[in-house]
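**Student:** okay, here's the prediction I keep looking at, along with the sequence it came from:
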Amino acid sequence: MTRIIPTSELIINPDGSIFHLHIRPHQLADTVLLVGDPGRVKTISDYFDRVEHRTENREFVGCTGSYKGKRLTVLSTGIGTDNIDIVVTELDALVNVDFATRRVKPEHRTLNLIRIGTSGSMQDDITIGTPVLSAISIGFDGLLNFYAGRDAVCLPDYEAAFTAHMQWRAQLPAPYFVAASEKLIRFFAGITVAGMTISAPGFYGPQGRVVRLPLADPQINEKIRAFRYHNKAITNYEMESSALAGLSRLLGHEAVTICYIIADRVHQKANAEYKNTGAGAHSIVNMIEEILDKLPALS
């Protein structure tokens, strides 16, 4: 018999919803769009043909409805892999834990988790406006290293080559490499560019930005740009994809991150108008529309 999960380890609210997300099991669709910005939930849900319900707690804003007959949930995560740890764990509990008995259900339910975000490019050929799919993610955050089974879902040869190339400092968390869902990589291949993405535990120093504080390794981004393994280069920085890919693999879900490039880190340029929807503008909204239009065919 499976163990009973203690109330301290999985908190269920009095209304039957999960602790942080405030979603109840029947309110969650099998395909979940994850966005960092709570405001982007409205941007996406405005396309829905029908809305079933909306939820809001802290940075976690959710909406379940349908688009062209496809039932979808869109949910904001806030920024960072620590928030992804909360979101993925609670989404999995909503479908794979019986809230009445507090036991894991005998039949596993698989979710499609699709993160839609923004990112900064690290290579000349990844220009502003490119939709990059994180086929492989690199966690600088160390989160996955806290979980048993980490080695079974990661890519140890990539990790060894990268840490040697970077002369990785012992004071930093050990980086982990993890692949996205093969199913979702194939599904979105026609509208994205496949890349290898770093998830950083911060926006400034951990991504090699200098404002007032100097970096421990002033050459970190030059070394990252120069890294090659199996003819693959590191294409972009963001802050969530590694935890999403790794936790989803451990829990048996299909997950992928697709980011709209808004910053060119090589030439130090950025598009601050990436949300613009005016005539003739190309923005993240165009990428959202392309992703939504594909989703009715996703099983």
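**Tutor:** Arrived safely. Residues are numbered from 1 along each chain as shown.
**Student:** quick check, residue 229 in contact with residue 162.
**Tutor:** Yes: using CB atoms under 8 Å as the test, residue 229 is close enough to residue 162 to be in contact (7.1 Å). C-betas here are computed from N, CA, C, even on glycine.
**Student:** these two: which is more packed in?
**Tutor:** Between residue 229 and residue 162, residue 162 has the larger neighbour count (other CB atoms under 10 Å), namely 22 against 18.
**Student:** which parts of the helix or strand harbouring the more buried one are buried?
**Tutor:** Element membership for residue 162, per DSSP states H and E: helix 156-166. For helix 156-166, a neighbour-count test (16 or more other CB atoms under 10 Å) marks 158, 159, 161, 162, 166 as buried.
**Student:** ok, now which ones touch residue 52?
**Tutor:** Contacts were defined as CB atoms under 8 Å, 6 or more residues apart in numbering; by that measure residue 52 touches 27, 64, 65.
**Student:** in what helix or strand does the closest residue in space to residue 44 that isn't next to it in sequence lie?
**Tutor:** Closest residue to residue 44 apart from its sequence neighbours, by CB to CB, 6 or more residues apart in numbering: residue 74 at 4.6 Å. Counting by DSSP H and E, the element that carries residue 74 is strand 70-76.
**Student:** what's next to that strand, contact-wise?
**Tutor:** Residues outside strand 70-76 that contact it (CB under 8 Å, 6+ apart) are 21, 23, 27-38, 40-41, 44-45, 48, 59-66, 87, 91, 295-296, 298.
**Student:** strands of the stretch 51-200 of the chain, start to end?
**Tutor:** If DSSP state E, counting those that start in this stretch is used as the criterion, the strands of the stretch 51-200 of the chain fall at 60-67, 70-76, 97-98, 103-104, 112-121, 131-139, 176-179, 193-199.
**Student:** the ones you listed: which one's closest to residue 145?
**Tutor:** strand 176-179 (6.5 Å; CB to CB).
**Student:** in that closest one, what's buried?
**Tutor:** Across strand 176-179, burial judged by 16+ other CB under 10 Å covers 176, 177, 178, 179.
**Student:** do stretch 20-37 as well
**Tutor:** For stretch 20-37, a neighbour-count test (16+ other CB under 10 Å) marks 20-25, 27-37 as buried.
**Student:** how about residue 223, nearest residue that isn't a chain neighbour?
**Tutor:** Closest residue in space to residue 223, ignoring its immediate chain neighbours: residue 166 at 5.4 Å, by CB to CB, 6+ apart.
**Student:** quick check: the gap between that neighbour and residue 176.
**Tutor:** As for residue 166, its distance to residue 176 is 14 Å (criterion: CB to CB, to the nearest Å).
**Student:** same check on residue 252?
**Tutor:** With distances defined as CB to CB, the gap from residue 252 to residue 176 amounts to 18 Å.
**Student:** try residue 257
**Tutor:** Separation of residue 257 from residue 176 (CB to CB): 15 Å.
**Student:** and the longest helix for this structure?
**Tutor:** Criterion DSSP state H: the longest helix present in the chain is helix 81-96.
**Student:** what is that helix packed up against?
**Tutor:** Packing contacts for helix 81-96, counted by 3 or more CB pairs under 8 Å, 6 or more residues apart in numbering; DSSP states H and E, involve helix 241-251.
**Student:** parallel or antiparallel, list what pairs with the helix or strand bottoming out on mean pLDDT in the chain.
**Tutor:** Of the helices and strands making up the chain, the lowest-confidence element is strand 269-270, at a mean of 86, by mean pLDDT, DSSP states H and E. The sheet places strand 269-270 alongside strand 254-264 (antiparallel), with pairing taken from DSSP bridges.
**Student:** quick one, the partner strand and strand 112-121 angle?
**Tutor:** 20 degrees (axes from the mean of the first three to the mean of the last three CA atoms, to 10 degrees).
**Student:** residue ranges with poor pLDDT in the protein?
**Tutor:** The chain contains residues with pLDDT under 70 at 1, 276-282.
**Student:** so who does the most centrally placed residue in the chain touch?
**Tutor:** Against the mean C-alpha coordinate of the chain, by CA atoms, centre = their mean, the closest residue is residue 241 at 3.7 Å. Contact criterion CB under 8 Å, 6+ apart gives 115, 134, 137, 180, 197, 199, 257, 259 as the residues in contact with residue 241.
**Student:** what's around the third one, how many residues?
**Tutor:** This points to residue 137. Each residue near residue 137 was counted by other CB under 10 Å, and the total is 28.
**Student:** name whatever forms a beta bridge with it.
**Tutor:** Using DSSP bridges, the bridge partners assigned to residue 137 are residue 178, residue 197.
**Student:** and it, how close does it get to residue 255?
**Tutor:** Here the criterion is CB to CB. By it, residue 137 lies 10 Å from residue 255.
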